[in-house]
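[1] Fold the stuff below for me.
(chains A and B)
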Protein chains: 2
Amino acid sequence: MDEKILVQARNFRLHLGEKGFFLESGRILPEVSIAYETYGTLNADKSNAILVCHALTGSAHAAHYHSPDDQKPGWWDDVIGPGKTLDTNTYFIICSNILGGCNGTTGPRSINPLTGRRYDIQFPVVTIKDMVHAQWLFLKQCFQIERLHSVIGGSLGGMQVLEWAISYPEKLERAIVIAATGRISAQALAMNKVGRQAIMRDPNWKNGNYPDGAGPVDGLSIARMMGHISYLSYDSMQRKFGRDFKKNDGLYDFFGEFQVESYLNYNGYNFAKRFDANSYLYITKAMDLFDVGMGNGYREILSRIRARTLVVSIASDMLFPPWESEELFRVMHEEGVSVSYYEMESDVGHDGFLVDYHVLNPVLESFIGS
Amino acid sequence: MDEKILVQARNFRLHLGEKGFFLESGRILPEVSIAYETYGTLNADKSNAILVCHALTGSAHAAHYHSPDDQKPGWWDDVIGPGKTLDTNTYFIICSNILGGCNGTTGPRSINPLTGRRYDIQFPVVTIKDMVHAQWLFLKQCFQIERLHSVIGGSLGGMQVLEWAISYPEKLERAIVIAATGRISAQALAMNKVGRQAIMRDPNWKNGNYPDGAGPVDGLSIARMMGHISYLSYDSMQRKFGRDFKKNDGLYDFFGEFQVESYLNYNGYNFAKRFDANSYLYITKAMDLFDVGMGNGYREILSRIRARTLVVSIASDMLFPPWESEELFRVMHEEGVSVSYYEMESDVGHDGFLVDYHVLNPVLESFIGS
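    Alright, predicted model coming up:
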């Protein structure tokens, strides 16, 4: 890239009237603000809008740079931009921070207007359906968009796409569900539990009521380390770290580390600096609760989908293994949904949709352009 | 079983003279005591002794009951006993607690005779070679055994068996290595790291210097939860827990739990009551450092084995996947070692050697009797 394209982070407060924002749980949020970014230009008939849904620890900053000094662009800059797969010369790309997040959208660290204090764990449990509901109101109210060209996302983002296709079947033409699942497994629930337990057992969590800048850094970093293992794969970790030992440590030093330990530690603490622990609790909870079939049956719910759907899995994904995506595809297909399936031949694990662009981009291009 | 067979836990102090016990690290332990149990009777020519090596959190209590009131027998009671696979009518079975452990053998919570205080993290890093060395001295000094009929163990126990076959090639006739590996993967290193980090970041760890009964219970229970995930499998967790939610919890309660969360939590804390956190740190460290090829090369080291060897893997093992055992087998076989390989068709994961006895026992019987 020759030149850094700049983008500005924005914020939109939903018009909710006096009733507030009704959640699936029956609880009500009096106020919801949405942090978002856009790339490209909305056309006159508003038919070129693509919504990008971010993953657990992502944000609305999906592409471009906030300032010329930024070292790194947004998290999907390899996919979004002029001439890229999500071509900003053609499409109007929108990415918004999810409800419950910590990057500008209303979440547990926001001020409750009814009390003047942070919600913290008084924040209601939110679901992926709630996140998508907020996105829909935002798109309607902020841009008067009535129908999306595509909704696309990976991991928790892919779950949002699926929920979009189920909850608003007429509001999107294409749904692209990457490295996701219709309901997470007991093993994935267990991995989220370890992370949450580490946060909630950190004395600095203080029942969620920690001061800014002094949260449960240790617990959150352990949660992130646990997460990393599930985002990578046996092979990718083997290739990247093997059994290399830190050169300045002795094998028999009690505190000596293998390279993989050092990597996890570094990334864990780095993450804890930029992410809020309560948001991590709420968002993993939303992921756990996601179950397209809950109450109504998996098959019946999936049969409601009208969008042309592409399901992409990653061969080496240990968090949401390919057979979960295959099942999604198979049931949709049997129910007459227009659905295609593609398994990415990638051995880097769940994170493949953020790494193996040479495999992902051509698949996305051919589907979006169709 | 009609009647509970009782066994007594015993202890043997190694005769080390003034020099002490030399460790691989170059450090020296002035005193080593070994906790052990035996089942059956040593024959006159001492040719019927089988050493059973326990796993990470096991103990010398491998079979029978300590008292008629005990609810549960030793950890491998389905394998060891009269008429069982390791038949106590025929064999003399010995199991000893590993060096670094917390069940009677010298470990980090033992008193350092030189200072009169607990070692805690002044305890030297011990390796699996050190554990095996201590076992060898113990067998020679306590029973005057010069050669073992078999050495057998699963997981960390299997690594000890492998080390036995490498370090004392003439001292055992048969080596049975179950659900183990010649060197643990980066992914397994990473999982151990998460556990250790949880312990060491628990403020009650106090740099290893916690009072008895007030250790890092939260950290140790998180380590155990992490461990449990790696001991089970996707399928076994799915079958056992699926997405069942605790009946008295609400889906939208912040503290509401899925059954799998509740199970992990319960088992985590139960474990923390019975196991010492510092031992957990030292033993996982020993597991991490285990690498049969370190320094000398994997192939060359394995070629030294003289015991008839059986390598057993478990198809669904995510901690030490079957391909690691296959590699062990293949290299030994190429080097002319008398080795057989058997992959257990079990979907319960790493713990299969403690669960699927109907598969394991016949395989062991035919090898041990041969």
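
[2] For burial, what's the neighbour tally of the closest residue to residue A:130 other than its chain neighbours?
    In this structure, residue A:130 finds its nearest non-sequential neighbour in residue A:23, 5.0 Å apart by CB to CB, 6 or more residues apart in numbering or on different chains. Every residue, glycine included, has its C-beta placed from N, CA and C. Around residue A:23 sit 19 other residues, with neighbours defined as other CB atoms under 10 Å in any protein chain shown.

[3] can you check residue A:288 too?
    24.

[4] What of the one 5 residues further on?
    Per other CB under 10 Å, the neighbour tally for residue A:293 reads 15.

[5] Also the one 3 residues further on?
    Here the number of neighbours of residue A:296 (other CB under 10 Å) works out to 11.

[6] Surely residue A:349 is in contact with residue A:236?
    Yes - using CB atoms under 8 Å, residue A:349 is in contact with residue A:236, at 5.5 Å.

[7] how does chain A divide into domains?
    For chain A, the structural domains run A:10-184+A:290-368, A:188-285, going by automatic domain parsing.

[8] neighbour-wise, which of residue A:349 and residue A:236 wins?
    residue A:349 (25 against 20).

[9] how close does that one get to residue A:155?
    11 Å (CB to CB, to the nearest Å).

[10] Quickly note the distance from residue A:187 to residue B:168.
    Taking CB to CB, one finds residue A:187 at 39 Å from residue B:168.

[11] same thing with residue A:82?
    68 Å.

[12] what's the answer for residue A:316, then?
    40 Å.

[13] Give me every residue in the stretch 1-150 of chain A that's in contact range of chain B.
    A:24-27, A:121, A:124-125 (CB under 8 Å from any CB of the partner chain).

[14] confidence score at the closest residue to chain B within the stretch 51-200 of chain A?
    Taking CB to the nearest CB, chain B has its nearest neighbour within the stretch 51-200 of chain A at residue A:186, 3.9 Å off. Looking at residue A:186, its pLDDT is 98.

[15] Repeat that for residue A:126.
    98.

[16] so it sits in a helix?
    No - going by DSSP: H, G, I helix; E, B strand; the rest coil, the assignment for residue A:126 is coil, not a helix.

[17] so what's the residue nearest to it when sequence neighbours are not counted scoring on pLDDT?
    Nearest residue to residue A:126, sequence neighbours excluded (CB to CB, 6+ apart): residue A:100, at 4.6 Å. We have a pLDDT of 98 for residue A:100.

[18] Now do the same contact list for residue A:100.
    The neighbours of residue A:100, taking CB atoms under 8 Å, 6 or more residues apart in numbering or on different chains as the test, are A:106-108, A:123, A:126, A:130-131, A:279, A:282-283, A:286.

[19] pLDDT weak spots in chain A?
    For chain A, the stretches with pLDDT under 70 are A:1-2, A:295.

[20] Grab the most central residue of it for me.
    Central residue of chain A (CA atoms, centre = their mean): residue A:55, 1.3 Å from the mean position.

[21] Thought residue A:155 was touching that residue, still the case?
    Yes - assessed by CB under 8 Å, residue A:55 is found in contact with residue A:155 at 4.0 Å.

[22] Next, the distance between the ends of stretch A:201-214.
    Start and end residues of stretch A:201-214 are separated by 15 Å (CA to CA, to the nearest Å).

[23] For the stretch 1-150 of chain A, give the residue positioned nearest to chain B.
    For the stretch 1-150 of chain A, CB to the nearest CB, closest residue to chain B: residue A:25, 3.6 Å.

[24] I'd like to know how many residues surround that residue.
    Neighbours of residue A:25 using other CB under 10 Å come to 16.

[25] what's the nearest residue to it if we skip its chain neighbours?
    residue B:252 is the one closest to residue A:25 (CB to CB, 6+ apart), at 3.6 Å.

[26] what is in contact with residue A:349 and residue A:236 at once?
    Common neighbours of residue A:349 and residue A:236 (CB under 8 Å, 6+ apart) are residue A:316.

[27] where along the stretch 251-370 of chain A do the helices fall?
    A:259-274, A:277-289, A:298-302, A:322-334, A:357-368 (DSSP state H, counting those that start in this stretch).

[28] Tell me the helices and strands packed up against the second one.
    Contact analysis of helix A:277-289 by 3 or more CB pairs under 8 Å, 6 or more residues apart in numbering or on different chains; DSSP states H and E lists helix A:128-143, helix A:156-167, helix A:186-200, helix A:217-231 as its packing neighbours.
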